[in-house]
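S.K.: need a structure here:
(one chain, ligands or ions: 2)
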Amino acid sequence: MKITDARVVVSSPGRNYVTVVIETEDGITGIGDATLNGRELAVASYLRDHVCPLLIGRDARRIEDTWQYLYKGAYWRRGPVTMTAIAAVDIALWDIKGKAAGMPVYQLLGGAAREAVMVYGHASGADLQELCEDFQRHLDQGYKAVRAQAAVPGLEKTYGIGPADRTVYEPASGSAPQEDVWETSAYLDFAPKMMECVREEFGYGVHLLHDVHHRLTPIEAGRLGAALEPYRPFWIEDPTPAEDQSAFRLIRQHTTTPIAVGEVFNSIWDCQQLITERLIDYIRTSVSHTGGITHLRRVFSLAELYGVRSGSHGAGDLSPVSLAAALHVDLSIPNFGIQEYMGHREQAREVFLTSYTFDDGYMHPGEAPGLGVEFDEEAAAAYPYDPKYLPVNRRLDGTVHDW
Ligand code: CS2
Ligand code: MG
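M.R.: Ligands and ions are numbered 1, 2, ... in the order given. So this is what the prediction gives:
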């Protein structure tokens, strides 16, 4: 089954997405998500200039060999650009394999290990009242798990606060990074009040998640985790930057609050210590940034050995192709935890025609062969690339901080 064409489509239906399209001599087409928020063109170039020409003539059925060829053959390994590019090719090849077999990808991965995939949505607000109103909206939609984020009083901008019109939150903006101002002490005083408010309003029958977004030192993260224990978070996410995996030993000494990390990771080596030392409870690596289905399964298999469950990233800047691939993996692995699902803007739903379903807080990838997503390239052409950047965070004294 030789590959006859491999192309990259950069478009902006609702937000920027990079989509890989691979065609075979048999007329079967597969698609992959190569979107890296704020660095889309870097991945598009890596693919167009250095990967796609090498795919022509290769056997589309040899997914593992292609993965190794692209990973080891580049000599320069790992990193978000490289691994997102490899991921997109990998996802497209699994799509092709499923279509050739006449089966949804999850069947190729061993079949369903559960009936459906529990997802969590994003509730947010400019104040606690708005947060609770949005939280209730998610409960009304059937979510069993909801993430809570609220603007920190006194700070002009806070991560994760969705627009007033309730369209899908998109943090990237402008033709250059906007600069946000951050003050940790204000956040540490406020976060427990926010979680207490949600529990008082909605009780303990719903899974309550919160994203710290890399902003604390390890000891501050330990303090936050301990302060939130009465409110039983499902997890706190990215409590501290995770380049230093050993830093999580300090957090673990101070709190039993579950920890989720990994959306910025791109390989198993980024989380090997976190998993093998049980320093986290959920690994958030995504199918589109961590080398595709082939590599993500390795991460989750390692995690299973140490009692760590999956909690994959699924923000709106991961395309519907990525979400579909994630759902196939989520359905098939034994140590599934939860899947993030923010939904996608209307324009994206015009371009990516999906088979996955949402019902009462759970999702299923569907039974269509392959991923179950059709990419309408013509519709995509109506939405040209629109350069956008993620914000830069600075502390009150101007020091650059983690966003
Ligand atoms: C967030 C994301 O979904 C999450 O957990 O961390 O919104 C993240 O900020 C974006 O995906 C970055 O592009
Ligand atoms: Mg996050």
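S.K.: Going by C-alpha atoms from here, please, whenever you check contacts or count neighbours.
M.R.: Noted.
S.K.: what's downstream of the top helix by length along the chain, the next helix or strand?
M.R.: The longest helix of the chain (DSSP state H) is helix 80-101. Using DSSP states H and E, the helix or strand that follows helix 80-101 in sequence is helix 105-108.
S.K.: could you say what helices and strands that following helix packs with?
M.R.: helix 80-101, helix 320-332 (3 or more Cα pairs under 8 Å, 6 or more residues apart in numbering; DSSP states H and E).
S.K.: what about the residue nearest to Ile333 when sequence neighbours are not counted, is that helix, strand or coil?
M.R.: Among residues not flanking Ile333 along the chain, Ala113 sits closest, at 6.3 Å (Cα to Cα, 6 or more residues apart in numbering). Following DSSP: H, G, I helix; E, B strand; the rest coil, the label given to Ala113 is coil.
S.K.: What is the neighbour count of Ala113?
M.R.: 15 (other Cα atoms under 10 Å).
S.K.: now do Trp76
M.R.: 9.
S.K.: and if you look at Gln68?
M.R.: Gln68: 12 neighbours (other Cα under 10 Å).
S.K.: just Asp402 next, same as before
M.R.: 16.
S.K.: State the mean pLDDT of the helix or strand where Leu228 lies.
M.R.: Using DSSP H and E, Leu228 sits within helix 218-228. In this model, helix 218-228 has a mean pLDDT of 98.
S.K.: And for stretch 4-13?
M.R.: 98.
S.K.: Check the offset of that stretch from the chain's centre.
M.R.: Offset of stretch 4-13 from its chain centre (Cα atoms, centre = their mean, to the nearest Å): 21 Å.
S.K.: Export the strand or helix carrying Leu296 to PDB, keeping only CA atoms.
M.R.: Per DSSP H and E, Leu296 falls inside helix 292-305. Taking Å, rounded to 0.1, in the frame of the first residue of the first chain, the C-alpha atoms of helix 292-305 are listed here in PDB:
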ATOM      1  CA  GLY A 292       0.800  10.000  17.900                       C
ATOM      2  CA  ILE A 293      -1.100   6.900  18.800                       C
ATOM      3  CA  THR A 294       2.000   4.700  18.600                       C
ATOM      4  CA  HIS A 295       4.000   6.600  21.200                       C
ATOM      5  CA  LEU A 296       1.000   7.600  23.400                       C
ATOM      6  CA  ARG A 297       0.200   4.000  23.900                       C
ATOM      7  CA  ARG A 298       3.700   3.400  25.200                       C
ATOM      8  CA  VAL A 299       3.300   6.200  27.700                       C
ATOM      9  CA  PHE A 300       0.000   4.800  28.900                       C
ATOM     10  CA  SER A 301       1.400   1.300  29.100                       C
ATOM     11  CA  LEU A 302       4.300   2.500  31.300                       C
ATOM     12  CA  ALA A 303       1.800   4.500  33.400                       C
ATOM     13  CA  GLU A 304      -0.300   1.400  33.900                       C
ATOM     14  CA  LEU A 305       2.600  -0.400  35.600                       C
END
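S.K.: Could you list the residues in contact with it?
M.R.: 63-64, 67, 83-84, 86-91, 94, 267-268, 275-276, 283, 285-287, 290, 309-310, 325-326, 329, 333-335 (Cα atoms under 8 Å, 6 or more residues apart in numbering).
S.K.: and those residues, which are buried?
M.R.: 63, 67, 83-84, 86-91, 94, 267-268, 275, 283, 285-287, 290, 309-310, 325-326, 329, 333-335 (16 or more other Cα atoms under 10 Å).
S.K.: if we can go back for a sec, after the helix holding Leu296, next one along is what?
M.R.: That would be, after helix 292-305 and using DSSP H and E, strand 309-310.
S.K.: For that following strand, name the packing helices and strands.
M.R.: Against strand 309-310 (3+ Cα pairs under 8 Å, 6+ apart) you get strand 282-283, helix 292-305.
S.K.: Save the ones you listed as a markdown table, and put in mean pLDDT and distance to ligand 1 too.
M.R.: Output for the helices and strands packed on strand 309-310, formatted as a markdown table (pLDDT from 0 to 100; distance: least, Cα to the nearest ligand atom, whole Å):
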| stretch | mean pLDDT | distance to ligand 1 |
| --- | --- | --- |
| strand 282-283 | 98 | 12 |
| helix 292-305 | 98 | 17 |
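S.K.: which stretch among these comes nearest Thr257?
M.R.: strand 282-283 (11.7 Å; Cα to Cα).
S.K.: How far does the closest one sit from its chain's centre?
M.R.: The answer for strand 282-283 is 12 Å, by Cα atoms, centre = their mean.
S.K.: A strand includes Arg147, no?
M.R.: Yes - applying three-state DSSP, one finds Arg147 inside a strand.
S.K.: Report how many residues lie close to it.
M.R.: Neighbours around Arg147, by other Cα under 10 Å: 22.
S.K.: Tell me the spacing between it and ligand 1.
M.R.: To ligand 1, Arg147 is 9 Å away according to Cα to the nearest ligand atom, to the nearest Å.
S.K.: now Val261
M.R.: 9 Å.
S.K.: residues touching the residue lying closest to that residue once chain neighbours are set aside, list them.
M.R.: Nearest residue to Val261, sequence neighbours excluded (Cα to Cα, 6+ apart): Asp238, at 5.0 Å. If you count contacts by Cα under 8 Å, 6+ apart, Asp238 has them with Asp211, Val212, His213, His214, Arg215, Ile259, Ala260, Val261, Gly262.
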